[in-house]
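Q: Curious how this folds, go ahead:
(one chain, ligands or ions: 1)
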Amino acid sequence: MASITVQPHLVLERVLTIEIVRVTERAAVSAARLRGHGKDKASDQAAVDAMRRELNNLPIDGTVVIGEGEMDEAPMLFIGEKVGNKSGPKVDIAVDPLEGTTLCAKNMPGAIATLAMADAGTLLHAPDCYMDKIAIGPGYPKGTIDLDAPADENILRLAKAKGVKPSEITAILLDRPRHADMIAAIRKVGAAVSLISDGDVAGVIHCAEPKTGIDIYLGIGGAPEGVLAAAALRCIGGQMQTRLIIDTEELHERTIKMGIKDPRKKYDIEDMVKGDCLFAATGVTTGAMLRGVMFGKDMIETETVVMRSVTGTVRKIVAEHRQLEKFHLD
Ligand code: VTB
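A: This next block holds a predicted model:
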């Protein structure tokens, strides 16, 4: 009988795909207990505690490169924190234990618990600052969009590449005063604008999910969220360009210290996620991408999306959790 040779690191990586689902599930459940309580900080902390505890059970030698802040602020899951039980591969980890803390606090759609994992040294070590971003889904010729072109031009280029009128294009942006001119320019060429109050990791991913009706993400959001979104697009395809917004001397110094030689660099997905990666997100509140955590009488249900760039496989995992004591550790 022919034997099948499976490389050990690939087996490990496939196993990790399921393991990281447990991590985002636990974070999501912990945050979801505080949905609608108006407590941004408490729900974030609950997600962080759960995510950290679960990460430390994983067979990895991990370093948090996108986390809850920098070490001197002493949060948990700080940038540079080591996680995992050290029995596995050296990996970089990007986390946002509760992406959309305000969404969770107000019980509004679209809060998620999310993380990405990749070989050590392959994820962009971005500071916790703003980032200019543009993204579209898969299937378009390279160069269809350009971060440095005006928003209306990007809409026209995308409409042409999609073979539709600009009025059939929908752009998604964070609802912020800083985007007023961009929104006006997009509407002027006839395209629709979909505004979100928070949660731009999902906003970028929506461009690659036809069911959402979103074609393009534009505007300024958080840099950590940008790297997480890039990891997801690395798995499912699409184009994304970004640039850090370094607007103070202090931030400039911090960026250089973090190993970024050219803070003005325009990044493609491959610059932010240099190799293969895993991405997972579990819904905290129900949104366009995922259902939120459901608390039943003797069961908790979660919905998670997990992606693997090696194969481009995307799994949606609906889990029914019955060992509820595992979710009552805080
Ligand atoms: C986004 C969004 C986050 O921060 O990155 C945004 O995805 C950017 O910062 O959910 P501002 O809120 O300052 O515009 C969040 O909204 C989290 O605060």
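Q: Pick out the residue closest to the middle of this protein.
A: L228 (3.3 Å; C-alpha atoms, centre = their mean).
Q: contacting residues around stretch 234-241?
A: Under the contact criterion C-beta atoms under 8 Å, 6 or more residues apart in numbering, stretch 234-241 has outside partners 133-140, 142, 144-147, 204-205, 207-208, 229-230, 233, 266-270, 272-273, 276-279, 307-309, 312, 314. (Glycine included, C-beta is placed from N, CA and C.)
Q: nearest residue to D92 other than its sequence neighbours?
A: Spatial nearest neighbour of D92, excluding adjacent residues (C-beta to C-beta, 6 or more residues apart in numbering): L123 at 4.1 Å.
Q: Report the contact partners of that neighbour.
A: L123 is in contact with V65, I66, D92, I93, A94, A116, V227, A231, M272, V273, K274, C277, counting by C-beta under 8 Å, 6+ apart.
Q: Give me the distance between it and the ligand.
A: Distance of L123 to the ligand, given as C-beta to the nearest ligand atom, to the nearest Å: 17 Å.
Q: what's that residue sitting at in phi/psi?
A: Phi and psi for L123, reported as degrees, to the nearest 10, are phi -100, psi 140.
Q: ditto for V64
A: Main-chain torsions, V64, degrees, to the nearest 10: phi -80, psi 120.
Q: How many residues are close by it?
A: Counted by other C-beta atoms under 10 Å, the residues lying close to V64 total 21.
Q: for the one 4 residues further on, same thing?
A: Burial of E68 is recorded as 24 neighbouring residues (other C-beta under 10 Å).
Q: gap between it and D96?
A: Counting by C-beta to C-beta, to the nearest Å, the gap from E68 to D96 is 9 Å.
Q: quick check: domain ranges of this protein?
A: Domain assignment for the chain, taken from automatic domain parsing, gives 8-122+277-327, 130-272.
Q: TSV for those, including mean pLDDT?
A: Listed next are the domains of the chain as TSV, based on pLDDT from 0 to 100:
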stretch	mean pLDDT
domain 8-122+277-327	93
domain 130-272	97
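Q: if I look at the residue nearest to I214 when sequence neighbours are not counted, how far off is the ligand?
A: Once flanking residues are discounted, I214 sits nearest to H206: 4.0 Å by C-beta to C-beta, 6+ apart. For H206, the distance to the ligand (C-beta to the nearest ligand atom) stands at 12 Å.
Q: got a list of what H206 touches?
A: By C-beta under 8 Å, 6+ apart, the contact list for H206 reads I172, T212, I214, Y217, A288, M289.
Q: follow-up on the earlier one: name whatever forms a beta bridge with the residue nearest to D92.
A: Bridge pairing for L123 (DSSP bridges) gives the partners V273.
Q: Just the pLDDT for it.
A: With respect to pLDDT, L123 scores 96.
Q: how about the residues of the chain near the ligand?
A: Within the chain, the positions adjacent to the ligand are E99, G100, L174, R176, D198, G199, D200, V201, G221, G222, E225 by C-beta under 6 Å from any ligand atom.
Q: Whichever of those end up buried, select them in PyMOL.
A: Listed next is the PyMOL selection for buried residues among those, using 16 or more other C-beta atoms under 10 Å:
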select buried, resi 99+100+174+198+199+200+201+221+222+225
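Q: Need the residues of the chain next to the ligand in TSV (columns: distance to G237 and secondary structure).
A: Below are those laid out as TSV (distance: C-beta to C-beta, whole Å; DSSP: H, G, I helix; E, B strand; the rest coil):
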residue	distance to G237	secondary structure
E99	21	strand
G100	24	coil
L174	23	strand
R176	28	coil
D198	25	coil
G199	21	coil
D200	19	helix
V201	17	helix
G221	21	strand
G222	23	strand
E225	19	helix
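Q: And the residues of the chain next to the ligand, which is closest to G163?
A: Lowest distance from G163 to these (C-beta to C-beta) belongs to D200, with 27.2 Å.
Q: Distance check, the closest residue to the closest one other than its chain neighbours against I134.
A: The shortest distance from D200 to any non-neighbouring residue, by C-beta to C-beta, 6+ apart, is to G221 (3.9 Å). Computed as C-beta to C-beta, the G221 to I134 distance reads 11 Å.
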